[in-house]
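J.: What would the 3D arrangement of this be:
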Amino acid sequence: MKIADVRKTAFAMPLTNPAFPRGPYRFYDREFLVITYRTDPEALAAVVPEPLEFDEPIVKFEFIRMPDSTGFGDFTESGQVIPVRYGAEKGAYVHGMYLDDGAPIFGGRELWGFPKKLANPKITHETDVIVGTLHYGSTLCARGSLGYKHKIVDQQAVAQSLGGPNFLVKIIPHVDGSPRICELVRYHMTDIVMKGAWESPAALELFSHVACDVNRLPVREVISGAHFKADLTLDLGEVVFDYLAEK
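T.: Next comes the predicted model:
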């Protein structure tokens with residue numbers, strides 16, 4: 001393969017057989033369980049990176065079922081998202097994500113810098129409740145439950161929230177182990193088609209685990225529970241801050 005061919009074809013690894021296709025990526029019938037809770041301000045301050053800031057010690061724990069996504073297939077994801085500000089811009093910082101499919105792990109980390117790890121999250125409908133669980137190996141790390149569609153909510157408001165800015169820290173090391181890329185990345189969800197939105201009473205338990213540290217942001221008070229479904233496109237991102245250039 002010529003140097004020019006490498007430059008032309010390279011966008012992901014492996015060079016001649018990438019683990020995921022080029023984006024953007026469309027998701028159909030994406031199902032969300034989102035439990036919003038209050039945590040310790042000191043714990044949140046220890047994980048939210050500058051120049052992002054937070055106003056209140058709030059965390060959103062998400063269980064997301066993705067049965068039909070272009071390029072990534074059928075998988076389930078779980079993780080923690082933190083409401084933040086970047087200057088005057090309000091958005092959300094993706095703190096940690098755990099999922100059960102290789103392609104979106106590789107693509108999420110390489111393209112945007114999603115903090116993804118391999119684990120085993122699940123969403124199950126159990127009569128009058130919906131249960132989300134997150135196992136890392138054999139160990140239960142998180143368990144959330146919501147009542148089943150107790151109250152219909154404004155879908156437009158949910159879509160507006162989904163379409164807001166999201167932030168990530170993308171890290172790619174050099175071959176000597178030093179950071180070669182360390183950037184604050186912003187991305188959006190677009191072309192959102194809502195298929196229902198509800199709120200319900202919710203409960204959430206988080207457990208300590210060395211490799212799945214969701215309990216680093218402990219639950220002090222559950223604020224709300226939301227359940228919604230949508231089609232949407234995960235757009236490619238942009239760099240808004242370079243930690244290595246700004247030092």
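J.: Name the surrounding residues that touch the helix or strand of the chain with the lowest mean pLDDT.
T.: Among the helical and strand segments of the chain, the one scoring lowest on mean pLDDT, DSSP states H and E is helix 243-246, with a mean of 86. Helix 243-246 has contacts (Cβ atoms under 8 Å, 6 or more residues apart in numbering) with 169, 179, 181, 182, 183, 184. Quick note: C-beta positions are derived from backbone N, CA and C, even for glycine.
J.: Quick check: the gap between residue 105 and residue 187.
T.: Separation of residue 105 from residue 187 (Cβ to Cβ, to the nearest Å): 16 Å.
J.: can you give me the helices in the chain?
T.: 3-9, 41-45, 102-107, 155-162, 243-246 (DSSP state H).
J.: possible to save the ones you listed as TSV with mean neighbour count?
T.: Output for the helices of the chain, formatted as TSV (neighbours: other Cβ atoms under 10 Å):
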stretch	mean neighbour count
helix 3-9	10
helix 41-45	14
helix 102-107	20
helix 155-162	16
helix 243-246	12
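J.: can I get those in a markdown table with distance to residue 57?
T.: Formatted as a markdown table, these follow (distance: least, Cβ to Cβ, whole Å):
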| stretch | distance to residue 57 |
| --- | --- |
| helix 3-9 | 46 |
| helix 41-45 | 4 |
| helix 102-107 | 29 |
| helix 155-162 | 19 |
| helix 243-246 | 24 |
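J.: If you average pLDDT over each of those helices, which is lowest?
T.: Lowest mean pLDDT of the helices of the chain: helix 243-246, a mean of 86.
J.: any idea how far that helix is from the chain center?
T.: With Cα atoms, centre = their mean, to the nearest Å as the basis, helix 243-246 stands 24 Å off its chain's centre.
J.: Return the alpha-carbon coordinates of that helix using PDB.
T.: Extracted C-alpha coordinates of helix 243-246, given in PDB (Å, rounded to 0.1, in the frame of the first residue of the first chain):
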ATOM      1  CA  TYR A 243      -5.400  21.000  27.000                       C
ATOM      2  CA  LEU A 244      -1.900  20.500  25.600                       C
ATOM      3  CA  ALA A 245      -1.900  23.800  23.600                       C
ATOM      4  CA  GLU A 246      -3.300  25.800  26.500                       C
END
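J.: Let me see the confidence value for the closest residue to residue 21 other than its chain neighbours.
T.: In space, and not counting its chain neighbours, residue 21 is closest to residue 71: 4.3 Å by Cβ to Cβ, 6 or more residues apart in numbering. Looking at residue 71, its pLDDT is 91.
J.: Residue 71: what's it in contact with?
T.: 20, 21, 23, 25, 103, 107.
J.: at 10 Å what do you get?
T.: 18, 19, 20, 21, 22, 23, 24, 25, 26, 103, 104, 107 (Cβ atoms under 10 Å, 6 or more residues apart in numbering).
J.: Just the buried ones from those residues?
T.: 18, 20, 23, 25, 26, 103, 104, 107 (16 or more other Cβ atoms under 10 Å).
J.: For the first one, which non-adjacent residue is closest in space?
T.: It refers to residue 18. Residue 18 sits nearest to residue 12 (Cβ to Cβ, 6+ apart), 3.9 Å away.
J.: just to revisit the earlier point, show me which pair in the contacts of helix 243-246 is furthest apart.
T.: Greatest spacing in the contacts of helix 243-246, by Cβ to Cβ: 179 and 184 (13.2 Å).
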